[in-house]
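1. Sequence isn't available, so here's the structure alone:
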Ligand SMILES: O=C(O)c1ccccc1NCC(=O)[C@H](O)[C@H](O)COP(=O)(O)O
């Protein structure tokens, strides 16, 4: 079970996530979030992450050249596009040497027609609630038309108490969390990070 801990802003909580076995740590570059980091802070945090743990930058409807510039300066391995970015952005990111992840709200993914779903099939997908990072789960029934056939992450309102159950029900490749490992909005809690990763691994 791949586990991504998102919205990190301190060296201590990055270290806690890595020590607990996180597959990926995420840094929010989308403007307007209580979790937004600047590129200098992100570069410092990324420098403390060992090889083998993905360092993911989260962007939302930002110009792709700006995204690429930030990703390079911060030393990220992976770019997560969390807006309405086209498939061609994913192709370009890979061409520039980054792993790429595209977030959809579960409802938007369910509304894709068969041809659109096929087009997105080779991509890594994250299925989330409508408002990202709000700690709200989506209704699993939204996905009764099917989940992505390839690598996909479940997100939205996960926490140490519900992640094993929801992952066992939907069979994602991995899970992603932000609010559920915070003591207050934007403030990560090392103990909750450890509890979340241990609980997620139980669902594997
Ligand atoms: O976390 C944010 O504030 C955020 C802002 C703008 C775009 C994306 C954002 N987060 C993306 C994530 O990957 C979150 O981990 C995901 O939405 C789950 O969040 P939560 O429901 O709080 O666990």
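-> Arrived safely, thanks for sending. Every value quoted in this text rests on a predicted model; they were computed, and no experiment measured them.
2. just the strands in this protein please.
-> Remark: strands of the chain, listed N- to C-terminal, are 2-5, 24-28, 54-59, 78-81, 99-105, 124-128, 152-154, 174-177, 182-184, 187-188; assignment by DSSP state E.
3. In a markdown table: those, plus mean neighbour count, mean pLDDT and distance to residue 200.
-> The way it works is simple: take the backbone N, C-alpha and C, and place the C-beta from them, glycine included. Below are those laid out as a markdown table (neighbours: other C-beta atoms under 10 Å; pLDDT from 0 to 100; distance: least, C-beta to C-beta, whole Å):
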| stretch | mean neighbour count | mean pLDDT | distance to residue 200 |
| --- | --- | --- | --- |
| strand 2-5 | 25 | 98 | 5 |
| strand 24-28 | 26 | 98 | 12 |
| strand 54-59 | 24 | 98 | 15 |
| strand 78-81 | 25 | 98 | 18 |
| strand 99-105 | 21 | 98 | 17 |
| strand 124-128 | 24 | 98 | 15 |
| strand 152-154 | 25 | 98 | 10 |
| strand 174-177 | 26 | 98 | 5 |
| strand 182-184 | 14 | 97 | 16 |
| strand 187-188 | 19 | 98 | 16 |
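4. quick one: which of these is nearest residue 201?
-> Shortest separation from residue 201 across the strands of the chain is recorded for strand 2-5, at 7.3 Å, computed as C-beta to C-beta.
5. got CSV for the strands of the chain, with distance to residue 141 too?
-> Formatted as CSV, the entries for the strands of the chain read as follows, by distance: least, C-beta to C-beta, whole Å:
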stretch, distance to residue 141
strand 2-5, 24
strand 24-28, 27
strand 54-59, 27
strand 78-81, 25
strand 99-105, 14
strand 124-128, 13
strand 152-154, 14
strand 174-177, 19
strand 182-184, 27
strand 187-188, 31
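6. could you redo those strands as CSV and give each row distance to the ligand?
-> Written out in CSV, the entries for the strands of the chain read as follows (distance: least, C-beta to the nearest ligand atom, whole Å):
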stretch, distance to the ligand
strand 2-5, 7
strand 24-28, 5
strand 54-59, 5
strand 78-81, 6
strand 99-105, 7
strand 124-128, 5
strand 152-154, 8
strand 174-177, 5
strand 182-184, 8
strand 187-188, 11
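7. Please give me every residue in contact with the residue of the chain found nearest the ligand.
-> Shortest the chain-to-the ligand distance, computed as C-beta to the nearest ligand atom: residue-wise this is residue 133, at 2.4 Å. Under the criterion of C-beta atoms under 8 Å, 6 or more residues apart in numbering, the contact partners of residue 133 comprise 6-7, 28, 33, 35, 178-179.
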